[in-house]
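[1] Predicted model follows, preceded by the sequence.
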Amino acid sequence: MTYRVRRFNPETDIEAVQNVNRSCLPENYPRFFFIDIASKFPEGFSVAVMDDTGDIAGYEMTRIEKGLSNYGFGICKKGHIISIAILAKYRRRGIAVKLMQAATDAMRLRDIKEVYLEVRESNQAAIDLYQKLGYIPFKVSKKYYSDGEAALIMISKI
Ligand SMILES: CC(C)(COP(=O)(O)OP(=O)(O)OC[C@H]1O[C@@H](n2cnc3c(N)ncnc32)[C@H](O)[C@@H]1OP(=O)(O)O)[C@@H](O)C(=O)NCCC(=O)NCCS
């Protein structure tokens, strides 16, 4: 099964991306949120499309924010991984790694030097993915999620 990673197209991909989001994560967002994120940093929002069926197997959306560096560099631009999900049947084929690499490449072109993300403390698969990519635990944000679970904040230099 081969696939390619390309930029999210708000006009043609929104339903499929929302379906992936709803079937994979409890954090679901309204349509306008995806469109807004894509409009602000289009290169930072990618989808993985299966070559044979044209199915969208997964997506990743990111944002560029200004704030205090987690590495002590003062105020800086930071990349924020907002959401990534791969449909269950397409997992463990390296698609998430490819999407993360695409986001990182896009951020580097915008002169971003550091990235952060939140992940549920219980989400070992995602934590393993991020660790494999060089992210390190930074702090725990208690009761971050609406069901009361804490978020692990992970950071990486890019
Ligand atoms: C987490 C998720 C995005 C990983 O997607 P994926 O395409 O299967 O990940 P990859 O195939 O690129 O895996 C890369 C590495 O991540 C780690 N990993 C991925 N899934 C894992 C699992 N179920 N258990 C343990 N490690 C896992 C492994 O280190 C893996 O490398 P390996 O296959 O060589 O061992 C996917 O499981 C998913 O969509 N989960 C539900 C949504 C979610 O949790 N999103 C993250 C929210 S913060």
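    Perfect, I can see it now. Note that the structure is predicted; figures quoted are calculated from it, not measured. Numbers count the residues shown, from 1 in each chain.
[2] Please name the nearest non-neighbouring residue to Tyr29.
    Asn21 (6.9 Å; C-beta to C-beta, 6 or more residues apart in numbering). The C-beta positions use only the backbone N, C-alpha and C, and glycine is treated the same way.
[3] and if you look at Gly79?
    Once flanking residues are discounted, Gly79 sits nearest to Val115: 3.8 Å by C-beta to C-beta, 6+ apart.
[4] picking that back up, is the residue nearest to Tyr29 in contact with Ala85, as I believe?
    Yes. Counting by C-beta atoms under 8 Å, Asn21 does reach Ala85; the two are 5.9 Å apart.
[5] List the residues that are in contact with both of the two.
    Tyr59 (C-beta atoms under 8 Å, 6 or more residues apart in numbering).
[6] still on that earlier bit, then the residue nearest to Tyr29 would be within a strand, right?
    No. Looking at Asn21 with DSSP: H, G, I helix; E, B strand; the rest coil, it is helix, so not inside a strand.
[7] Dump the host helix or strand of Leu99 to CSV, restricted to CA.
    If you go by DSSP states H and E, Leu99 is part of helix 95-109. Extracted in CSV, the C-alpha atoms of helix 95-109 (Å, rounded to 0.1, in the frame of the first residue of the first chain):
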residue,chain,number,x,y,z
ILE,A,95,2.6,7.6,7.9
ALA,A,96,2.6,9.6,11.1
VAL,A,97,6.4,9.9,10.9
LYS,A,98,6.0,11.2,7.3
LEU,A,99,3.4,13.7,8.3
MET,A,100,5.5,14.9,11.2
GLN,A,101,8.5,15.3,8.9
ALA,A,102,6.4,17.3,6.4
ALA,A,103,5.3,19.7,9.2
THR,A,104,8.9,20.1,10.5
ASP,A,105,10.1,20.9,7.0
ALA,A,106,7.4,23.5,6.6
MET,A,107,8.3,25.1,9.9
ARG,A,108,12.0,25.2,9.2
LEU,A,109,11.2,27.2,6.1
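[8] Let me see the ranges of the helices in this structure.
    In the chain, the helices defined using DSSP state H lie at 10-24, 31-40, 95-109, 124-132.
[9] out of those helices, deepest packed?
    Of all the helices of the chain, helix 95-109 has the most neighbours on average by mean count of other C-beta atoms under 10 Å, namely a mean of 19.
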